[in-house]
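**Q** Here is my input, please return the structure:
(one chain, ligands or ions: 1)
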Amino acid sequence: MSRQKIGIVGSGLIGRAWAMLFAAAGYWVQMYDILDTQLTTALQELEKELHRLEEKGSLRGKIRAAEQLALIDVTTKLDELVKDALHIQECVPEVLQLKQTLYSQLDELLDGITVVASSTSTFMPSLYSEGLSRKEQMLVAHPLNPPYFIPLVEIVPAPWTSKEAVEQTKSLMLNIGQRPVTLNREIEGFATNRIQYAILNEVWRLVASGILTVADVDRVLSQGLGLRYALLGSLETAHLNAPGGVADYFHRFGGEISAVSATYGATPNTREDAVTLAEIAKQCEELVPIEGLGERRAVRDEFLIQLAKLKKQF
Ligand code: NAD
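**A** Numbering: from 1, shown residues only. Modelled structure (predicted):
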């Protein structure tokens, strides 16, 4: 049987990560970019990264780095990319107009089987697929960075996305070893960012009001809540934290949850509050200077690799 083809549009950070995930599972991957030079760089980076992971014993999939690399090729022609693709993963910059133009072009080229999934972190799929003739084949499949080490993918349909497109994407994500969740309908921020922003708003308030430093507020997650959340979600955590399970938990603590929640105050204006932003930036940069971000990202990735191994045991 011939290999199934995956098209990747945009060969930057996220496009390259998807290429690695699909090639690790044995798919034939073709990457498209408007910049020829970007594709050359992407292939060079992929070669380095796949061999580095192989040497460390952290390569995904059952085939060797060289074989995975041989499954990835590039094109600067969009029609060539679309031809015979089972799935196209769109990874162009987060600019709505750019995505809208691209989806109109794809709309002209698609045939019946191809699903187009956007990696977008912010745009609901209806914003760029409305009015297109192949709109039922378009949805969001949002990864978390770095996708190679974090398995969650949020699948978000537009109101007109077909059930078949959702199901095909879900099975594909499972096939490549990712862990999809499917939203029943689109919503601003999907699920991950809605939850992440709720946390960011509250840590912002705690620092802005001088109650905790940046180091301490982050410790609440990294040395506390986050350790449980690496295994359990917040509802299962609650379920385990009362003798009679989650219903008992909310009967016992629901009043307290409402009372504390009533004290949160307004949503911080994180873009306009220059004073708090300067303070948070100063403290963050004392912890990790800007020139040390690359090194710290490498520590994060190594930690996630080890955590993935640990999670397999549970
Ligand atoms: P990036 O800037 O690293 O890469 C974008 C690539 O798209 C570049 O190679 C660029 O040349 C190419 N490109 C630009 N216009 C194009 C076009 N019209 N056709 C084809 N290629 C084009 O961006 P990224 O960080 O990889 O982000 C890509 C998408 O993934 C965005 O929608 C972003 O929101 C989403 N995402 C990013 C992250 C993250 O942490 N970076 C996490 C999750 C999702």
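**Q** So the one helix or strand Y128 maps to, near the ligand or not?
**A** Using DSSP states H and E, Y128 sits within helix 126-129. No: Helix 126-129 lies out of reach of the ligand by CB under 6 Å from any ligand atom, never closer than 10.7 Å. C-beta here means a position set from N, CA and C on the backbone, and glycine is covered the same way.
**Q** which strands and helices sit next to whichever helix or strand comes after that helix?
**A** Using DSSP H and E, the helix or strand that directly follows helix 126-129 along the chain is strand 138-143. On a contact count with 3 or more CB pairs under 8 Å, 6 or more residues apart in numbering; DSSP states H and E, strand 138-143 meets helix 13-24, strand 115-118, strand 152-157, helix 163-175.
**Q** Out of the ones you listed, which gets nearest to the ligand?
**A** Of all the helices and strands packed on strand 138-143, helix 13-24 sits nearest to the ligand, with 3.4 Å by CB to the nearest ligand atom.
**Q** Buried deepest among the helices and strands packed on strand 138-143, which one?
**A** Stretch with highest mean neighbour count among these: strand 115-118 (a mean of 27; mean count of other CB atoms under 10 Å).
**Q** Does R228 touch A238 like I think?
**A** No: using CB atoms under 8 Å as the test, R228 is too far from A238 to be in contact (10.6 Å).
**Q** okay, now the residue in the stretch 201-314 of the chain that the ligand sits nearest to: neighbour count?
**A** Across the stretch 201-314 of the chain, the shortest distance to the ligand (CB to the nearest ligand atom) belongs to R297, at 10.7 Å. For R297, the neighbour count with other CB atoms under 10 Å is 13.
**Q** Next: T41.
**A** 15.
**Q** neighbouring contacts of the helix or strand containing it?
**A** Per DSSP H and E: T41 is located in helix 36-56. Helix 36-56 is contacted from outside by 11-12, 15-16, 19-20, 31-33, 59-60, 64-65, 68-69, 72, 74, 76, 305, using CB atoms under 8 Å, 6 or more residues apart in numbering.
**Q** what about 7 Å?
**A** 11, 16, 19-20, 31, 33, 59, 64-65, 68-69, 72, 74, 76 (CB atoms under 7 Å, 6 or more residues apart in numbering).
**Q** Only C-alpha atoms, please: export it in CSV.
**A** C-alpha atoms of helix 36-56 as CSV (Å, rounded to 0.1, in the frame of the first residue of the first chain):
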residue,chain,number,x,y,z
ASP,A,36,12.2,29.0,-0.7
THR,A,37,15.0,29.8,1.8
GLN,A,38,12.7,28.9,4.7
LEU,A,39,12.2,25.4,3.3
THR,A,40,16.0,24.9,2.9
THR,A,41,16.5,26.0,6.5
ALA,A,42,13.6,23.8,7.6
LEU,A,43,15.1,20.7,6.0
GLN,A,44,18.5,21.4,7.6
GLU,A,45,17.0,22.0,11.0
LEU,A,46,14.9,18.8,10.7
GLU,A,47,18.0,16.8,9.9
LYS,A,48,19.9,18.1,12.9
GLU,A,49,16.9,17.8,15.3
LEU,A,50,16.0,14.2,14.2
HIS,A,51,19.5,13.0,14.6
ARG,A,52,19.9,14.8,18.0
LEU,A,53,16.8,13.1,19.3
GLU,A,54,17.9,9.7,18.0
GLU,A,55,21.2,10.0,19.8
LYS,A,56,19.4,10.9,23.0
